[in-house]
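J.: Quick one, structure for this:
(chains A, B and C)
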Amino acid sequence: MSFPLNAPQREAVRYLDGPLLVLAGAGSGKTRVIAAKVAHLVERGTDPARIAAITFTNKAAREMRERAAKLLGGQGRADAARAVQISTFHSLGLAILRAECRAAGLRPGFSILDPADLEPIVAELVATADRAKARSAQWRISGWKNALVTPQAALAGAKDADERAAARAYAGYADALAAYQAVDFDDLIVRPLELFGRDPDALARWQGRYDHVLVDEVQDTNAAQYRLLRCLCGERGRFTAVGDDDQSIYGWRGATLDNLARLAEDYPALKVVKLEQNYRSTVRILRSANSLIANNPKLFDKRLWSEHGHGDALRVTPASDDEAEAELVVHRLLAHRFEHRGRYADYAILYRGNHQSRPFETALRAQNVPYVVSGGQSYFDRAEIRDLVAYLRLVANDDDDPAFLRAVTTPKRGIGQTTLAKLADVAGRRRESLFAAVFAPEFAAAAHAKAREEMEKFCALVSDLRRRSEREPAGRLLGELVAKIGYEDWLVSSFDKREAQAKSQSVADFVGWLARKGEEDRRTLLELTQMIALVTMLEGREEDDPDAVRLSTLHAAKGLEFPHVFLVGLEEGLLPHREAIDAGNVEEERRLMYVGLTRAQRSAHLSYCRTRKRAGAKVDCVPSRFLKELAQEDLRYAGEPLPAGEAERAKASGMERLKQLKALVAKD
DNA sequence: TAGAGATTAGTTTTT
DNA sequence: CTAATCTCTA
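T.: Alright, predicted model coming up:
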């Protein structure tokens, strides 16, 4: 990919006179532009450490780092590439918070809690045992934080009982986090903002820190992130923002296209450059995508074009149910691969929700096709890793009660509900952490001697590791921890052989990862512990790119491209998703479909099911409205054209009804 | 206190 | 029809 830049790309790279918005259509080479601009800035003499490039995901940050390293490395400036601050919004927020933790009212070892840690806390605050209720309250709190709404304002604006309950919990939520010396993901953005708001010196420090800020995917920024951006860029606005309003798919996380529109208001000198040449897809894929997205109102006028050939028609295939769809897709994929002598890695299967991967995994396994699933459960979400991370968090920060609770009960060491309830009671009365309460005289009086002994042993281990954490390498400490708590033995005794082996392997991977990271930049255990919360996968996992079919959600596929794409489950209720339809947000779903389509370079295969298993029973499906919005002349229907024949549908549903009745009768 | 069975609820996307 | 949670017994 060392073609020369085209005219608008060149303009975007060279323009340094003021704030710049680059409207980069799908496949228009935006990552190239950002990397080239970083290189250009360095060439012109900008100190690499005074350049910040901010992305939305770790994956994008990594790619940016690689691209910049390649460009600058070619000029013998590999050192410069390393010095550029390339990070996600959240890791940048973490860097700020770490540097300013005293001013922000946090101790250096503060913990980062993820939503799973927070759920029980919120459940308690809203006084519910219903997990769904707790999650929805959590969801609301996060929404308020990202929109920079205070607990008071949230309470004042609450419309129904649920919202009022969530708003009340919101205030207590902040207190709970403060007591644990902890922050959540949203705080990584919001707390630096609060700090900048009340401490002009801190603001000045960070505002003067970067000569140029580059932002990827601005259309995905929420109110808090946008404001953080403004803080960093200052009034001069020396930034390059890159984005595409047609690819805004994070509205559900508070991202708002208003930010894109506001950019022009907040920075009247804003220059806009459009990248409209697509280097990725065939004309037919692009025409279909354009035709689809034309159904959305336009913020900016943009016309994508391609110099690639026409390419094949997009195939639309119905399947009788989800299993049949998976088999069909896998068969077609194999036939296609054979015919084109391609690699497995040339193919991606994209879907709306994580759970949809299941039948495809089964079908791929049945045919012995290698595959990788991305965007599913993250490596650091596995129970065994969370167990160990709880220990690390506790080592870094003994106020972290959630970490204490997890670590002290895993592996089982004879400490159960009753003992913990007593400890919590003592801690509550004394207004101190669970960890501190272990040594309180009240606890000694109340608890069983054996349980207390175990607990003191546990605390001694944690304290010992803490004492040594500043000096000794993180990998060694973790390795020692795993050995001392007898974690391997516990795995073997608690799980069957296969599972224990898999878990044991991922523990070994984790120890190795931490050791490597610790050595790389001489990071301490504390720094690494905070980093883990933001890392979603084991780095290096994807580098040894095996020749495998890629399974991914549409969200996780953004920014990627594949020669051949299968877009599956194109049904009403799935894409567009039911919730989105009900919320009146079909536009975002359409953009999601647009993102999926524009991942394809040479061919796109679309499929949907006529029925689908849901909670055991089969239900009828209707093909997605988006299929009708594609350029019909570029489609080829493998089955009957849309919509499905009414007669057949009625017959199918009649058969289903009969089956259901039979099942009912059989039960009695 | 901890593990094994019974019961019941579930469906979106992620830093 | 799963998968996770809850309840009961050793």
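J.: give me every residue that touches residue A:167.
T.: The contact partners of residue A:167, by Cβ atoms under 8 Å, 6 or more residues apart in numbering, come to A:140, A:144, A:151, A:154, A:155, A:157, A:158. From N, CA and C alone the C-beta is placed, and that goes for glycine too.
J.: quick one: contacts for the closest residue to residue A:194 other than its chain neighbours?
T.: With sequence-adjacent residues excluded and distances taken as Cβ to Cβ, 6 or more residues apart in numbering, residue A:194 is closest to residue A:104, at 7.6 Å. Listed by Cβ under 8 Å, 6+ apart, the contact set of residue A:104 reads A:97, A:191, A:192, A:194, A:195.
J.: Confirm that the third one sits in a helix.
T.: So that's residue A:192. Yes: assignment of residue A:192 by DSSP: H, G, I helix; E, B strand; the rest coil places it within a helix.
J.: Show the contacting residues for residue A:385.
T.: Contacts of residue A:385 (Cβ under 8 Å, 6+ apart): A:379, A:506, A:507, A:510.
J.: where's it, which helix or strand?
T.: Assessed by DSSP states H and E, residue A:385 sits inside helix A:383-396.
J.: before we move on, what about residue A:608?
T.: Element membership of residue A:608, judged by DSSP H and E, is strand A:600-609.
J.: now for the longest helix along chain A, which elements pack on it?
T.: Looking across chain A with DSSP state H, the single longest helix is helix A:497-520. Contacts defined by 3 or more Cβ pairs under 8 Å, 6 or more residues apart in numbering; DSSP states H and E place helix A:497-520 against helix A:383-396, helix A:474-484, helix A:487-494, helix A:525-532.
J.: dump the residue contacts of the residue nearest to residue A:451 when sequence neighbours are not counted.
T.: In space, and not counting its chain neighbours, residue A:451 is closest to residue A:419: 4.3 Å by Cβ to Cβ, 6+ apart. Shown in contact with residue A:419 (Cβ under 8 Å, 6+ apart): A:447, A:448, A:451, A:452, A:455.
J.: how near is residue A:419 to DNA strand C?
T.: Distance of residue A:419 to DNA strand C, computed by Cβ to the nearest atom of the strand, to the nearest Å: 16 Å.
J.: Could you do residue A:236 as well?
T.: Residue A:236 sits 50 Å away from DNA strand C when distances are taken as Cβ to the nearest atom of the strand.
J.: What degree of burial does that residue show, as a neighbour count?
T.: Burial of residue A:236 is recorded as 12 neighbouring residues (other Cβ atoms under 10 Å).
J.: Can you tell me the element the residue nearest to it when sequence neighbours are not counted falls in?
T.: Excluding the flanking residues, the one nearest residue A:236 by Cβ to Cβ, 6+ apart is residue A:18, at 7.8 Å. Using DSSP H and E, residue A:18 maps to neither a helix nor a strand.
J.: for residue A:18, what are its contacts?
T.: By Cβ under 8 Å, 6+ apart, residue A:18 lies in contact with A:236, A:237, A:238, A:267, A:269, A:270, A:271.
J.: thinking the third one is in contact with residue A:209, fair?
T.: By that I understand residue A:238. No: using Cβ atoms under 8 Å, residue A:238 makes no contact with residue A:209, being 11.7 Å away.
J.: Can you read off the pLDDT for the nearest residue to residue A:158 once chain neighbours are set aside?
T.: Nearest in space to residue A:158, with sequence neighbours left out and distances taken as Cβ to Cβ, 6+ apart, is residue A:164 at 4.2 Å. Looking at residue A:164, its pLDDT stands at 88.
J.: mind checking the SS state of residue A:164?
T.: With three-state DSSP as the criterion, residue A:164 reads helix.
J.: count of neighbours near it?
T.: Residues near residue A:164, counting by other Cβ under 10 Å, number 14.
J.: Now residue A:170. Nearest residue, chain neighbours left out?
T.: residue A:151 (4.3 Å).
J.: Surely that neighbour is in contact with residue A:166?
T.: No: in this structure residue A:151 lies outside contact range of residue A:166 using Cβ under 8 Å: 10.0 Å.
J.: Report the buried members of the contacts of residue A:18.
T.: Listed as buried from the contacts of residue A:18 are A:237, A:238, A:267, A:270; burial here means 16 or more other Cβ atoms under 10 Å.
J.: from those, which is closest to residue A:109?
T.: Taking Cβ to Cβ as the measure, residue A:109 lies nearest residue A:238 of these, at 34.8 Å.
J.: ok so, going back, could the buried ones among the contacts of residue A:18 go into TSV alongside secondary structure?
T.: Converted to TSV, these look like this (three-state DSSP):
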residue	secondary structure
A:237	coil
A:238	coil
A:267	coil
A:270	coil
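J.: Determine which two of those residues are furthest apart.
T.: Using Cβ to Cβ, the two most remote members of these are A:238 and A:270, lying 12.1 Å apart.
J.: For these two, list the residues in contact with both.
T.: Going by Cβ under 8 Å, 6+ apart, residues that sit against residue A:238 and also against residue A:270 are A:18, A:19.
J.: Quick one: name the residues of the stretch 451-600 of chain A near DNA strand B.
T.: Residues of the stretch 451-600 of chain A lying near DNA strand B by Cβ under 7 Å from any atom of the strand: A:451, A:493, A:494, A:534, A:536, A:553, A:555, A:556, A:577, A:579, A:580, A:583.
J.: same check, this time on the stretch 101-250 of chain A
T.: Residues of the stretch 101-250 of chain A lying near DNA strand B (Cβ under 7 Å from any atom of the strand): A:114, A:115, A:132, A:185, A:186, A:249.
J.: ok so, going back, mind giving me the ChimeraX select for the contacts of residue A:385, buried ones only?
T.: Filtering the contacts of residue A:385 down to the buried ones (16+ other Cβ under 10 Å) takes a single ChimeraX command:
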select /A:379,506,507,510
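J.: Show residues contacting the helix or strand where residue A:90 lies.
T.: In this assignment (DSSP H and E), residue A:90 forms part of helix A:89-99. Applying Cβ under 8 Å, 6+ apart, the contact partners of helix A:89-99 are A:52, A:54-56, A:58, A:61, A:85, A:87, A:104, A:106, A:108, A:110, A:112, A:183, A:185, A:187-189, A:191-192, A:195, A:206, A:221, A:225, A:228, A:527, A:530-531, A:534.
J.: re earlier: pLDDT wise, what is the residue nearest to residue A:194 at?
T.: 92.
J.: Closest one to residue A:33 out of the residues of the stretch 101-250 of chain A next to DNA strand B, please.
T.: Proximity of those to residue A:33 (Cβ to Cβ) peaks at residue A:249, which lies at 20.9 Å.
J.: end-to-end on stretch A:208-217?
T.: End-to-end span of stretch A:208-217 (Cα to Cα, to the nearest Å): 23 Å.
J.: and residue A:556, helix, strand or coil?
T.: On the three-state scheme (three-state DSSP), residue A:556 is labelled helix.
J.: In stretch A:55-71, which residues are buried?
T.: By neighbour count with 16+ other Cβ under 10 Å, stretch A:55-71 contains the buried residues A:55-69, A:71.
J.: oh sorry, the question was meant for stretch A:254-261
T.: Under the neighbour-count criterion of 16+ other Cβ under 10 Å, stretch A:254-261 has A:254, A:255, A:256, A:257, A:259, A:260 buried.
J.: Stretch A:316-332 too?
T.: A:316-319, A:321-330, A:332.
J.: Over to stretch A:473-481?
T.: By neighbour count with 16+ other Cβ under 10 Å, stretch A:473-481 contains the buried residues A:473, A:474, A:475, A:477, A:478, A:479, A:480, A:481.
J.: contacts for it?
T.: So stretch A:473-481 is in contact with A:388, A:391-392, A:395, A:461, A:465, A:468-469, A:510-512, A:514-519, A:523-525, A:528, going by Cβ under 8 Å, 6+ apart.
J.: can you pull the contacts of the residue lying closest to residue A:106 once chain neighbours are set aside?
T.: Residue nearest to residue A:106 in three dimensions, not counting chain neighbours: residue A:181, with 6.3 Å by Cβ to Cβ, 6+ apart. By Cβ under 8 Å, 6+ apart, the residues touching residue A:181 are A:106, A:107, A:109, A:110, A:111, A:397, A:399, A:400.
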